[in-house]
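**Student:** fold the following for me, if possible:
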Amino acid sequence: MIRSYLREYSIWYLNYAIVSLAFLLTFYLYHLPLVYFINSLILSLTILLITSLILYWRFHQKLKNLHHFIYVKEPRNLTMLTAPSDLVYKEILKKLLQEQSDINLQHKTQEEQLQQLIKLWSHQMKVPISALSLMAQTGHLDKEDVQRQLLRLENDLSRLLNYLKFSQNQSDFRFEKCQIRNILIDLIKKNQVFFLQKDLSLTIDGDWEIKSDKKWLSFVFSQILDNAIKYNKKGGQITIKIKENQILIRDTGIGILKEDIPRLFEEGFTGYNGHEHQKATGLGLYMAKKVLNNLELDINIESQIDQGTQVYVTKRR
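**Tutor:** Next up is the predicted model:
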């Protein structure tokens, strides 16, 4: 600490020594009584000592407060920073503290959202597990029903894992040539039990070869198809039209409120339909939008109540 103080104020003591030597030389050259010089030197040294003690105390307190700020992230007594140069540091420290506070608040909010999300997903997963457990206990195992419950579990778990990847910036993209039609047909086959359950008819037309990430494209279309099935009417229809640079997925479902459409891609937003079904997490379309941004694709939604919904995925220009 003393060494740091001397480095900080070394120029003061050097100037004092130079001035004292200059006075001594003056007294010597003009043959002045040295007793006056000695008395003046003693007085000035006394003043210098008192001043040094005060400065050292202030220097010690300032370093102590700065160390407290650095390691504890709290301003203890930054009012001691009064020098013009110190005021600049003071503003920088306040800014850093505010930024750190904002980051901490953001992390806390994300953690709370994640906890709520896990609770919600845990509740959703309990439904198919309870259904499977009941079938096992009663001995009435319906093959299609078992398949539906297992597929629900798989889809929910997939969404949760992909959301965790995104929230921790661990998403990996591997670009390769892939056929959009094949990706959608695979998803349709995988979800055929849900089509049969609601007696939905399906038409798919066209194809598009694109260089993209097959796994993440499949994830995006699974979210869109899941919504088209979930919010469709019994006996409804899903139409898929694929052409160069655009995919259209249209359903004849319950539709979306006009005021909800601008907020569909917000994190956690469920809207009227989500509240009605009580199964929405508000993350499917949010994650789809984020993935498509990384794949340089856009998504737009048009909808009317009781008329159905159209989802467009297009190549970004």
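**Student:** could you use CA atoms for every contact and neighbour count after this?
**Tutor:** Will do.
**Student:** for the stretch 1-150 of the chain, what spans make up the helices?
**Tutor:** When secondary structure is read from DSSP state H, counting those that start in this stretch, the stretch 1-150 of the chain shows helices at 2-29, 34-72, 84-138, 143-167.
**Student:** any idea which of these gets closest to residue 249?
**Tutor:** With Cα to Cα as the criterion, residue 249 lies closest to helix 143-167 of the helices of the stretch 1-150 of the chain, at 19.5 Å.
**Student:** contacts for that closest one next, please.
**Tutor:** Outside of helix 143-167, the residues that reach it under the criterion Cα atoms under 8 Å, 6 or more residues apart in numbering are 118, 121, 124-125, 128-129, 131-132, 171, 191, 193-194, 283-284, 287.
**Student:** give the next helix or strand downstream of it.
**Tutor:** strand 176-179 (DSSP states H and E).
**Student:** quick one: contacts of that next one?
**Tutor:** Applying Cα under 8 Å, 6+ apart, the external contacts of strand 176-179 come out as 207-214.
**Student:** relative to helix 143-167, how tilted is the following helix or strand past it?
**Tutor:** Downstream of strand 176-179, the first helix or strand assigned by DSSP H and E is helix 180-190. With axes from the mean of the first three to the mean of the last three Cα atoms, to 10 degrees as the basis, helix 180-190 and helix 143-167 are set at 130 degrees to each other.
**Student:** buried residues, helix 180-190. List them.
**Tutor:** Judged by neighbour count using 16 or more other Cα atoms under 10 Å, the buried positions of helix 180-190 are 180-181, 183-184, 187-188.
**Student:** show me which of the residues you listed is closest to residue 30.
**Tutor:** Here the nearest of the buried residues of helix 180-190 to residue 30, counting by Cα to Cα, is residue 180; it sits at 101.6 Å.
**Student:** roughly how far does residue 38 sit from residue 21?
**Tutor:** Distance from residue 38 to residue 21, counting by Cα to Cα, to the nearest Å: 12 Å.
**Student:** how about residue 234?
**Tutor:** Going from residue 234 to residue 21 by Cα to Cα gives 103 Å.
**Student:** and these two? Which one has more around it.
**Tutor:** For residue 234 and residue 21, the more surrounded residue by other Cα atoms under 10 Å is residue 234, and the numbers stand at 16 against 12.
**Student:** pretty sure the more buried one sits against residue 201.
**Tutor:** No. Counting by Cα atoms under 8 Å, residue 234 sits too far from residue 201 to count as a contact (9.9 Å).
**Student:** next, count neighbours for residue 285.
**Tutor:** By other Cα under 10 Å, the residues close to residue 285 number 22.
**Student:** what's the one helix or strand it maps to packed up against?
**Tutor:** When secondary structure is defined using DSSP H and E, the element that contains residue 285 is helix 284-294. The helices and strands touching helix 284-294, judged by 3 or more Cα pairs under 8 Å, 6 or more residues apart in numbering; DSSP states H and E, are helix 143-167, helix 214-230, strand 297-304.
**Student:** out of those, flag the one nearest residue 103.
**Tutor:** Ranked by Cα to Cα, the member of the helices and strands packed on helix 284-294 that lies closest to residue 103 is helix 143-167, at 14.8 Å.
**Student:** what residues does stretch 189-200 touch?
**Tutor:** Looking at stretch 189-200 with Cα under 8 Å, 6+ apart, the contacting residues turn out to be 144, 147-148, 151, 201, 229, 233-238.
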